[in-house]
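> Structure for this input, please:
(2 chains)
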Amino acid sequence: MRQLQHLAFLFLIVSSRPAAQLWAQDVTLPLKPGSVRFAVIGDMGTGEAPQYQVAERMLEFHQKFPFNFTIMVGDNIYGGRTPADMQRKFETPYKPLMDAGVQFYGSLGNHDDTNERFYKFFNMNGQQYYSFKKGNVAFFALDSDYLDPKQLDWLEKELANAGTDWKICFFHHPLYSSAAFHGSSTELRTILEPLFLKYGVQVVFSGHDHVYERVKPQKGIYYFNEGASGELRWGNLKKTDLTAAGYDKDRSFLTIEISGDDLSFQAISRTGITVDSGSIHRPGAPQPEH
Amino acid sequence: MLLRPSPLLQAAALLLALSGVAVAQTPPLTKQPAGFDGFNERVRQYLKLRNALPNQRTTKRQAQIVDRRRTLADAIREARPAAKQGDIFTPESTQQFLTVIRDTLQGMGSAKVRKTIRQGEPVSGVHLTVNGAYPVRVPRTTVPPTLLLRLPRLPDKLAYRIVGHDFVLQDTEARLVVDLIPGALP
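Residues are numbered from 1 along each chain as shown, chains lettered A, B, ... in the order given. Below is the predicted model:
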């Protein structure tokens, strides 16, 4: 059965590779010394073949673009959570990356259990929401299933005291999404967007909708949705005025490099095709001299 | 444990009220609605019992997390052998919760709130009982933040959950149903 799945996968790779497209090994990221490098995955914890195949592409890409950590935008583990489930849905597919020193930072989705915060591999330190810094970038992992006043108070204090040039939030529900199944989480947007604007959050990563979408800047904030690193809703992205780029034909993951005031991104499909790439200059930062 | 909202949250609450998410009959969002004092006191009592029991700890071994969850749930059941529906959501506080829940979900401008619940992939057909397990395979579901802004804050170990039409008080580390209001949601 496993061999059949593998053959089917190989056929998919061969049959779906358009000649003119960029390959994962063609790294578009600048690979600048001292940059902050990471990957973004979401809605991946199925334990099924596509999740493993995305993990394999991540490992291949890691050899060309050595990223140090991966942020997870929720639905890290679907269904059961026995020790065998955690092996199959997390530890086995990502073991080669973890062996290569890649750390994983979790945020909780609606399919996750709050006790995942105690699972050391997710680096949540027992917290449902938390922050960490890498270089000049502060990351804020939120629990968008349970945005109670306590969490919002915490977020406001953390954002106010971050002291970094870049502020990045990641959480499960997308504030802006063109996917048909869920779409934008408008109530959450009403609550979170004023805080993001007040404290200068520049980039937000989410999942939930099982597609990849890069949203056009909304009030100056860049939104990326990566909810297809294991699950997929094929053809579910109904491109709207919000959509800058998107991909819903296969699973995918996103890679990011931040150097100084520039953030570069490259989204890669399960079959190794680069489906989106580009760069962002930090809003409010001086423009580089040419 | 039960804190006052920050100025920004008060402003957010006011914004929500002005945007029509809240309705006229509900108390101002910046205040805890009257009648929750008793609920808060019963939560404090539960926490007193709960704090005497072991907590979850960070580990790489999922087996330890599962074992601790089971041990903790058993210890809570042992400490509250006669726990029944209505012990914490007494009839008086149930009425207060129902007022807030229904005003938030049915009032003018509540479409966004209901959409949040729908987007959280709500579950139905799950029968929950006090001191019973919150099934591992049942998603957490999303509790609308507008509703959370209007309800008493809970300590870290407890959370409100929406399961089908039921409103649930859950011990998150033990994944145990502490109490529930059946049929609270329209």
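
> Flag every buried residue along the helix ranked longest in chain A.
Secondary structure of chain A per DSSP state H: the longest helix is helix A:49-64. Neighbour-count burial for helix A:49-64 flags A:49-59, A:61-62 (criterion: 16 or more other C-beta atoms under 10 Å in any protein chain shown). To be clear about C-beta, it is placed using only N, CA and C from the backbone, and glycine gets the same treatment.

> Kindly report the same for stretch A:278-290.
Per 16+ other C-beta under 10 Å, stretch A:278-290 contains these buried residues: A:280, A:282.

> was I right about residue A:220 contacting residue A:281?
No. With contact defined as C-beta atoms under 8 Å, residue A:220 does not count as touching residue A:281 (11.7 Å).

> Is stretch A:79-90 positioned near chain B?
Yes. For stretch A:79-90, a contact with chain B is found by C-beta under 8 Å from any C-beta of the partner chain, at A:79, A:80, A:81, A:82, A:83, A:85, A:86.

> ok, those vs residue A:180, which is closest?
Residue A:180 lies nearest to residue A:79 out of the residues of stretch A:79-90 next to chain B, by C-beta to C-beta, at 24.2 Å.

> does the nearest residue to that closest one once chain neighbours are set aside count as helix, strand or coil?
Closest residue to residue A:79 apart from its sequence neighbours, by C-beta to C-beta, 6 or more residues apart in numbering or on different chains: residue B:137 at 5.7 Å. Following DSSP: H, G, I helix; E, B strand; the rest coil, residue B:137 is assigned to coil.

> and the gap between residue B:137 and residue A:112?
Here the distance between residue B:137 and residue A:112 works out to 12 Å (C-beta to C-beta, to the nearest Å).

> And the lowest mean pLDDT element among the helices and strands of chain B?
helix B:7-18 (a mean of 44; mean pLDDT, DSSP states H and E).

> Determine the set of other helices and strands touching the longest helix of chain A.
Secondary-structure packing of helix A:49-64 (3 or more C-beta pairs under 8 Å, 6 or more residues apart in numbering or on different chains; DSSP states H and E): helix A:2-15, strand A:36-41, helix A:92-99, strand A:252-259, strand A:262-269.

> and the longest helix for chain B?
Per DSSP H, chain B has its longest helix at helix B:62-79.

> ranges for the helices of chain A?
For chain A, the helices defined by DSSP H occupy A:2-15, A:49-64, A:83-86, A:92-99, A:149-160, A:186-198.

> who's in contact with the spatially most central residue of chain B?
What sits nearest the mean C-alpha location of chain B, by C-alpha atoms, centre = their mean, is residue B:160, with 1.5 Å. Going by C-beta atoms under 8 Å, 6 or more residues apart in numbering or on different chains, residue B:160 touches B:143, B:147, B:148, B:151, B:154, B:167, B:168, B:169, B:170.

> Run a quick neighbour tally on the residue nearest to residue A:107 when sequence neighbours are not counted.
Distance criterion C-beta to C-beta, 6+ apart; nearest residue to residue A:107, sequence neighbours excluded, is residue A:141 at 4.2 Å. Here the number of neighbours of residue A:141 (other C-beta atoms under 10 Å in any protein chain shown) works out to 27.

> what bridges to residue A:141?
residue A:130, residue A:170 (DSSP bridges).

> distance of it from chain B?
15 Å (C-beta to the nearest C-beta, to the nearest Å).

> okay but that residue is in contact with residue A:71, surely?
Yes. Residue A:141 is within contact range of residue A:71, at 7.4 Å (criterion: C-beta under 8 Å).
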